[in-house]
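Q: Sequence and predicted model, in that order:
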Amino acid sequence: MKNVYILIVTYLFISLSGCNNNIKGNEITYKNQSKIIRFDKEFFAYITHPSQAKQDSLIQSYPQLLPAIAITAANVKSGDSTVHYINELNRYYSHPSLLQIYRDALTHFDNVSVYDNALKEIEINASKELPCEQLPKLSFHVSGFKENVIAFDSLISISIDKYLGKDYSYYQTYFNDHERSRMTPSFIMVDYLKAWLMSDVIDNDQNDLLETIIYHGKLIYVISKLLPENDFMLENIIGYTTDQIMWCNENEKKIWKNITDQAGLSNTDRLIISGYVNDGLYTVPIGKNSPPHLGDWIGWQIVKQYATEKKATTENVIKTDAKTILKEAKYNL
C-alpha cells in the first residue's frame with residue numbers, strides 16, 4: 001500500500017505490513033454468484049440469532065474485517081482474539097436505535113444487483129485503463145454512521161448505513177444538509193473507487209496548492225474513466241447539483257484567477273489549501289455563493305485538458321507530476 005493513513009469520517013486505510021496480505025475465506029470468494037461480499041447480512045444473522053457455528057464461521061471468514069469494524073465503529077480497544085471483537089460488536093449493535101438502523105440498511109440494500117453489474121463494468125474498464133492494477137474486492141458492512149469506507153490492500157468495505165438517502169429519518173439528527181447530499185446510493189461506487197485510488201494507485205503528492213488540486217483532479221478524472229457511463233451521472237463523482245455545475249462553468253475563469261492571484265499555486269499553507277478542497281457549504285476562499293471544494297473541480301478541468309492535449313492514457317495521467325500537467329495542459333483562461 002503506497003499510503004496508509006486515516007481521513008476522518010470518510011475513509012479508513014489499514015496497513016497489513018508484516019502480515020499475509022491475502023484476505024481469507026469469504027474475503028476472496030464471491031457467494032451466490034454475487035461479486036459483493038455481504039458481511040452485513042452474515043453478521044446481522046449472527047447478532048439476531050447467535051450460535052457457536054455462526055461465530056466460528058465469521059472468525060474464519062473475516063479475520064481482518066471484524067477487528068477493523070470493532071475498532072473504528074464501536075471504539076473497541078485492541079484485544080488478543082477475534083472473539084473479543086465479536087463480543088464487543090454484539091454489545092454495540094444491541095442498542096435498539098442502532099439495531100433499527102441496521103435493519104433499515106439491510107432492507108434498503110437487500111438486492112444489490114445494480115452494484116454487482118456496476119462492479120463488473122468497472123472491472124472491464126479498469127482492465128483497459130489500468131491493466132497493471134488489481135481492483136480490490138468489495139464488501140458491505142454497517143458501522144453506525146462511522147467511517148464510510150474501510151480499505152485493506154485487497155478488500156474495501158462500504159458502510160451501507162451511510163448511503164440510505166438524504167431524507168432518511170435518522171440522518172436528520174446527526175448530519176447537516178450538505179453532508180446528507182452525499183449520503184445516497186449513487187456515491188457507493190464512487191467512494192469505493194476513490195478509496196482504492198487513494199490507498200493504492202495515485203501517489204499522495206500534496207505539498208502545495210497546485211499539487212493538491214491536481215491530485216484531487218486526478219482522482220475525479222480516473223473515477224470518471226472507470227465508472228459505468230450509463231449508470232452513474234458524472235455530477236455524482238464530485239457531488240455537485242446541476243445548478244452548481246452550471247455555476248462552475250460560468251465562473252471557471254474567476255475560480256482560476258482566485259486560485260492563482262490570491263492564493264498562489266506554490267502556497268503551502270495547509271489552512272488555505274484546505275479551504276479549496278475540504279467539503280462544506282461553500283469554498284471559503286471563493287465566497288458563500290460558490291459550491292464546495294472548487295479546488296477539486298478546477299483540478300479536474302486541468303487534468304482533463306492535459307489528457308486531451310497529450311492524448312494521454314489514464315496511466316500516464318496518474319504518473320505525470322502536477323507541474324508538467326499544468327504546463328502541458330495549456331490551461332490559460
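A: Arrived safely, thanks for sending.

Q: what about the strands in the stretch 101-250 of the chain?
A: Per DSSP state E, counting those that start in this stretch, the stretch 101-250 of the chain carries strands over the ranges 137-141, 149-151, 155-159.

Q: want to try a markdown table for those, with mean neighbour count and mean pLDDT as columns?
A: Any C-beta I mention is one placed from the backbone N, CA and C, and that applies to glycine too. Listed next are the strands of the stretch 101-250 of the chain as a markdown table, based on neighbours: other Cβ atoms under 10 Å; pLDDT from 0 to 100:
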| stretch | mean neighbour count | mean pLDDT |
| --- | --- | --- |
| strand 137-141 | 22 | 97 |
| strand 149-151 | 25 | 94 |
| strand 155-159 | 26 | 97 |
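
Q: Looking at those strands, which is nearest to residue 185?
A: Minimum separation from residue 185 across the strands of the stretch 101-250 of the chain (Cβ to Cβ) falls at strand 155-159, 10.4 Å.

Q: Do I have it right that residue 191 meets residue 158?
A: Yes: the pair residue 191 / residue 158 is scored as a contact, 6.7 Å apart, by Cβ atoms under 8 Å.

Q: which residues are common contacts for those two?
A: Here residue 191 and residue 158 share the contacting residues 148, 149, scored by Cβ atoms under 8 Å, 6 or more residues apart in numbering.

Q: so which of the strands of the stretch 101-250 of the chain comes closest to residue 255?
A: Closest approach to residue 255 among the strands of the stretch 101-250 of the chain is made by strand 149-151 (28.5 Å; Cβ to Cβ).

Q: And the strands of the stretch 101-250 of the chain: which comes nearest residue 177?
A: Of all those, strand 155-159 comes closest under Cβ to Cβ, at 20.4 Å.

Q: could I get the closest one in PDB with only the CA atoms?
A: Taking C-alpha atoms only, strand 155-159 is exported to PDB below (Å, rounded to 0.1, in the frame of the first residue of the first chain):
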ATOM      1  CA  LEU A 155     -10.600  -5.500   0.200                       C
ATOM      2  CA  ILE A 156     -12.700  -2.400   0.600                       C
ATOM      3  CA  SER A 157     -15.800  -2.500   2.800                       C
ATOM      4  CA  ILE A 158     -18.500   0.100   2.400                       C
ATOM      5  CA  SER A 159     -20.700   1.100   5.400                       C
END
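
Q: Now distance to residue 104 too, for the strands of the stretch 101-250 of the chain, in a markdown table please.
A: A markdown table is the format used below for the strands of the stretch 101-250 of the chain (distance: least, Cβ to Cβ, whole Å):
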| stretch | distance to residue 104 |
| --- | --- |
| strand 137-141 | 14 |
| strand 149-151 | 20 |
| strand 155-159 | 13 |
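
Q: who touches whichever strand or helix holds residue 306?
A: Assigned by DSSP states H and E, residue 306 falls within helix 294-310. For helix 294-310, the external contacting residues (Cβ under 8 Å, 6+ apart) are 209, 212-221, 238, 240, 248, 252, 255-256, 259, 273, 276-277, 283, 286, 291, 312, 314, 316-317, 320, 325-326, 328-331.

Q: hmm, which of these are the buried ones?
A: 209, 212-221, 238, 240, 248, 255-256, 259, 273, 276-277, 283, 286, 291, 312, 314, 317, 320, 325-326, 329, 331 (16 or more other Cβ atoms under 10 Å).

Q: Give me the subset of those lying in helices.
A: With helices defined by DSSP state H, the entries of the buried ones among the contacts of helix 294-310 inside them are 209, 212-221, 238, 248, 255-256, 273, 276-277, 314, 317, 325-326, 329.

Q: Report the residue ranges of every domain in this protein.
A: Following automatic domain parsing, one finds the domains of the chain at 6-199, 205-329.

Q: Distance from the first one to the middle of the chain?
A: So that's domain 6-199. Mean C-alpha position of domain 6-199 versus that of the full chain (Cα atoms, centre = their mean, to the nearest Å) differs by 12 Å.

Q: coming back round to it: can you tell me which of the domains of the chain has the worst average pLDDT?
A: Lowest mean pLDDT within the domains of the chain: domain 6-199, a mean of 87.

Q: What segments of the stretch 51-200 of the chain are helices?
A: Secondary structure of the stretch 51-200 of the chain (DSSP state H, counting those that start in this stretch): helices at 52-61, 65-73, 82-92, 96-108, 113-129, 171-174, 177-180, 188-196.

Q: Could you count how many residues lie near residue 223?
A: 24 (other Cβ atoms under 10 Å).

Q: hang on, I meant residue 203
A: Neighbours of residue 203 (other Cβ under 10 Å): 13.
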